[in-house]
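Enquirer: Return atomic coordinates for the entry below.
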Amino acid sequence: MRSDIAIPAALAALLCCGPRIVLGACNFAKTTINTSPGFNIVVSDNYKILNDTTANIAYGLYCDSQPTNIDGVERWFKVPVDSVGIRIPVASGFLEALGQRAKLAAADSPANLTNICIDRSKVKTLDGSGTGVNVVFSNNASSDGSKSVRLPSDDSLAPLQRAEWIKFVAAFFNLEEQASKLFDSISAAYTCHQSNMQYLKSAPHAYWVEYTDSPTTYQIITSAYQKNLLASAGATNTSTDGLGDNTNVAAFQAAVKDADFVFDQTQLKKYGQRISEWYSDFGYKDPQNQDVSFLTQRNIWRTDKYTSATGVNNYPEFAYVRPDLVLQDLISVLEPTYNKAHVLRWLFRLGGTTEDTTEISSSNYDCAKPWMSVVDKCTARKDFYGGDVDEEPSASSPGSNNGDKEDNDTEGDNRGNSNSGRAGKIAGGVIGALAIVGLAIVATHYYNRHRRRVRARALSDTAFGGESIGLHTTRR
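Expert: As a prediction, this is how the structure comes out:
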């Protein structure tokens with residue numbers, strides 16, 4: 001507390017015995033945060049300046065009296081705020097991870113909130129001017145007038161870049177230090193798992209795809225978020241044929257024919273028949289008889305496994321906050337032997353015997369001990385080379401202790417053989433090696449060096465910027 005500020009006797013008594021309320025508001029942690037691209041936070045004695053360097057907007061935060069001599073600040077907020085409105089799902093996830101869910105007072109669509117720890121009956125619908133709340137986190141810097149604060153809502157940022165915005169949100173609650181520690185743990189876990197995937201003998205090949213019907217397009221998504229996730233999981237994701245015309249279904253099929261796995265974010269509507277809908281959307285009339293690995297093995301995956309009781313996808317709300325868990329989901333699909341104990345949270349296999357999703361409930365999410373703010377440590381490894389197994393990654397409920405598994409296996413002879421396409425490729429290589437041993441050794445050496453360079457280049461290329469294609473909320 002600055003010595004030149006007069007403190008009433010009653011307040012002084014509170015300070016000596018209960019600093020939790022007053023010191024949290026006025027004793028700003030003298031930390032400077034700078035992300036690029038993104039934002040920076042500069043802290044002074046009695047105010048903070050948050051610069052959104054992407055949207056070129058400066059927000060001022062103060063504890064007692066609003067400063068009058070600070071140039072360039074567009075909007076001021078008294079902190080810590082005690083009531084929040086949101087127009088972007090990830091803001092709810094940030095509040096949950098920071099332990100501030102009780103501050104959520106209004107939302108663009110309260111019915112679409114998936115966090116079971118929030119009493120949606122007490123969350124009002126935003127009216128466009130931020131009535132009843134101190135701040136509104138939105139993807140639009142002017143959605144609610146002077147109470148609007150922008151958060152990024154597209155996939156042009158890599159996973160860790162998006163997650164780091166928790167520090168930005170935390171500044172409104174004076175929780176920057178807590179947010180920094182949590183993000184550092186998330187970043188360390190993500191980077192550790194990413195590093196463990198750099199020794200694979202045979203890198204899986206995968207694409208993130210999307211179909212739209214208005215207008216009709218077939219997309220191989222190359223945004224920074226998706227490409228970085230695939231590269232971090234050890235996958236290559238560059239099409240040999242490319243996709244010059246995204247309105248031509250034949251061109252799309254040619255571009256993805258070399259994929260071992262496909263991750264889809266199409267807005268599918270026919271629940272219970274979504275695999276048939278997917279085949280129809282992408283023009284596959286006889287998928288099981290085509291010489292395409294991801295089709296014959298039905299390795300088509302989606303991110304909407306974890307939903308609310310009404311079927312609203314939790315991914316946009318929680319997953320962007322925890323890229324380390326998303327990466328572990330992805331690795332468990334691509335390399336099931338890496339961590340057999342990992343339970344898939346958001347990914348599920350499209351086209352199994354059922355298309356059931358996991359409903360968020362007290363059996364898989366403990367509001368008293370939320371896994372959103374707990375990061376498990378990752379052990380660095382240089383001995384994981386990948387491999388083919390006759391089992392699926394675990395599909396039981398995340399956070400569940402009962403071990404009940406969800407039936408997302410494929411039908412018939414394809415059951416549990418998610419890597420047989422890659423096994424066939426490896427077998428061909430072995431035959432060639434037996435024929436010309438010396439040539440195979442040289443080829444393997446240069447192939448492995450090229451493969452590592454491809455993954456390293458993919459990670460480098462997706463570190464910043466890219467196309468902006470958001471993951472959609474999917475409802476039943």
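
Enquirer: all helices of the stretch 301-450 of the chain, in order?
Expert: Taking DSSP state H, counting those that start in this stretch as the test, the helices found in the stretch 301-450 of the chain are 315-318, 323-334, 420-435, 437-461.

Enquirer: Dihedrals phi and psi, residue 92?
Expert: Per-residue torsions, residue 92: phi -60, psi -40 (degrees, to the nearest 10).

Enquirer: doesn't residue 48 fall inside a strand?
Expert: Yes: under DSSP: H, G, I helix; E, B strand; the rest coil, residue 48 falls within a strand.

Enquirer: Look at it and report its pLDDT.
Expert: You'll see residue 48 listed with a pLDDT of 95.

Enquirer: And residue 37, by the same measure?
Expert: Looking at residue 37, its pLDDT is 80.

Enquirer: Tell me who's in contact with the nearest residue to it once chain neighbours are set aside.
Expert: Among residues not flanking residue 37 along the chain, residue 54 sits closest, at 5.6 Å (CB to CB, 6 or more residues apart in numbering). (Each C-beta comes from the backbone N, C-alpha and C, glycine too.) Residues in contact with residue 54, defined by CB atoms under 8 Å, 6 or more residues apart in numbering, are 37-39, 152.

Enquirer: what ranges of the stretch 251-400 of the chain fall below the confidence cut-off?
Expert: Scanning the stretch 251-400 of the chain for pLDDT under 70 picks out 352-354, 388-400.

Enquirer: Would you confirm that residue 312 contacts residue 114?
Expert: Yes: in terms of CB atoms under 8 Å, residue 312 counts as a neighbour of residue 114; the distance is 5.3 Å.

Enquirer: ok, those two, which is more surrounded?
Expert: residue 114 (26 against 22; other CB atoms under 10 Å).

Enquirer: Distance check, that one against residue 159.
Expert: From residue 114 across to residue 159, the span is 20 Å (CB to CB, to the nearest Å).

Enquirer: Any idea how many residues pack against the nearest residue to residue 253 once chain neighbours are set aside?
Expert: Computed as CB to CB, 6+ apart, the closest residue to residue 253 that is not its neighbour in sequence is residue 283, at 6.5 Å. Residue 283 has 14 neighbours, counted by other CB under 10 Å.

Enquirer: what residues are up against residue 283?
Expert: Contacts for residue 283 (CB under 8 Å, 6+ apart) come out as 249-250, 252-253.

Enquirer: repeat for residue 250
Expert: Going by CB under 8 Å, 6+ apart, residue 250 touches residue 283.

Enquirer: partner residues bridging the nearest residue to residue 357 once chain neighbours are set aside?
Expert: Leaving aside its chain neighbours, residue 357 sits nearest to residue 307 (4.7 Å; criterion: CB to CB, 6+ apart). As for beta bridges, residue 307 partners with residue 313, residue 359 under DSSP bridges.

Enquirer: okay, now residue 57: neighbour count?
Expert: Look at residue 57: counted by other CB under 10 Å, it has 19 neighbours.
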